[in-house]
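In: Please find the sequence and the predicted model below.
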Amino acid sequence: MRRDEKRSSDDSSSSSSSSSSSSVFEKYLIDADWAINRANWQWLSASNFFHQYFRVYSPLTFGKKTDSHGAFVRKYLPQLREYPDKYIFEPWNAPTKVQEKAGCIIGRDYPEPIVDDHREVSKTNMARMKEAYAARKSGRDILSETNWQPPAKRRRVE
């Protein structure tokens with residue numbers, strides 16, 4: 001596809017979880033390549049079985065390392081613009097007084113985090129990926145062996 005051609009929004013190939021992000025790349029990159037773009041998004045999200053499943057970018061630490069003052073967050077999440085640098089990547093950890101001063105109360109003006117402890121969930125998911133890779137390598141069908149249940153709905157504790 002040429003750069004000046006656009007995929008239609010109802011293209012069934014853009015139904016993956018990374019479709020919004022990859023569509024932006026496909027629209028604006030001069031040398032956009034659909035297959036490479038999709039594969040790279042799958043690689044970065046660790047949503048496809050590559051050999052380095054443990055190389056997952058943390059939305060918290062990656063931002064802290066590459067944009068310590070949160071300029072990107074402030075630009076694209078204006079409701080967090082007034083948060084101090086200390087809390088810009090984890091606004092849910094800010095005391096209520098800081099949230100009030102910033103004009104953004106977590107759970108009202110900005111969503112609460114999906115998980116309680118990102119590090120613990122990440123560790124659990126890495127262990128699951130390790131098991132899945134080992135099972136795939138040995139030919140085991142782990143889907144029939146598991147009895148995974150989704151976690152209970154979280155409650156906010158003040």
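Out: Ah, there it is. All values derive from a computational prediction rather than experimental measurement.
In: In this structure, which residue is most central in space?
Out: With distances taken as CA atoms, centre = their mean, the chain has Pro59 as the residue nearest its mean C-alpha position (6.2 Å).
In: I'd like the distance between it and Gly103.
Out: Separation of Pro59 from Gly103 (CB to CB, to the nearest Å) stands at 23 Å. (Each C-beta comes from the backbone N, C-alpha and C, glycine too.)
In: so how far is the top helix by length along the chain from its chain's centroid?
Out: The single longest helix within the chain, with elements called by DSSP state H, is helix 118-138. Chain-centre distance of helix 118-138: 17 Å, with CA atoms, centre = their mean, to the nearest Å.
In: Now it: buried residues?
Out: The neighbour-count check on helix 118-138 (16 or more other CB atoms under 10 Å) flags Ala132 as buried.
In: which stretches of this structure have low pLDDT?
Out: Within the chain, the stretches with pLDDT under 70 are 1-20, 45-56, 143-144, 147-158.
In: Which residue is the nearest non-sequential neighbour of Pro104?
Out: Slight slip there: residue 104 is Cys, not Pro. Excluding the flanking residues, the one nearest Cys104 by CB to CB, 6 or more residues apart in numbering is Gln79, at 4.7 Å.
In: Next: Ala32.
Out: Closest residue in space to Ala32, ignoring its immediate chain neighbours: Glu26 at 4.7 Å, by CB to CB, 6+ apart.
In: Just the buried residues of the host helix or strand of the one you found, please?
Out: In the assignment (DSSP states H and E), Glu26 maps to helix 19-28. The neighbour-count check on helix 19-28 (16+ other CB under 10 Å) flags 19, 22-23, 25-26 as buried.
In: what does stretch 71-80 give?
Out: Quick answer for stretch 71-80 (16+ other CB under 10 Å): 73-74, 80.
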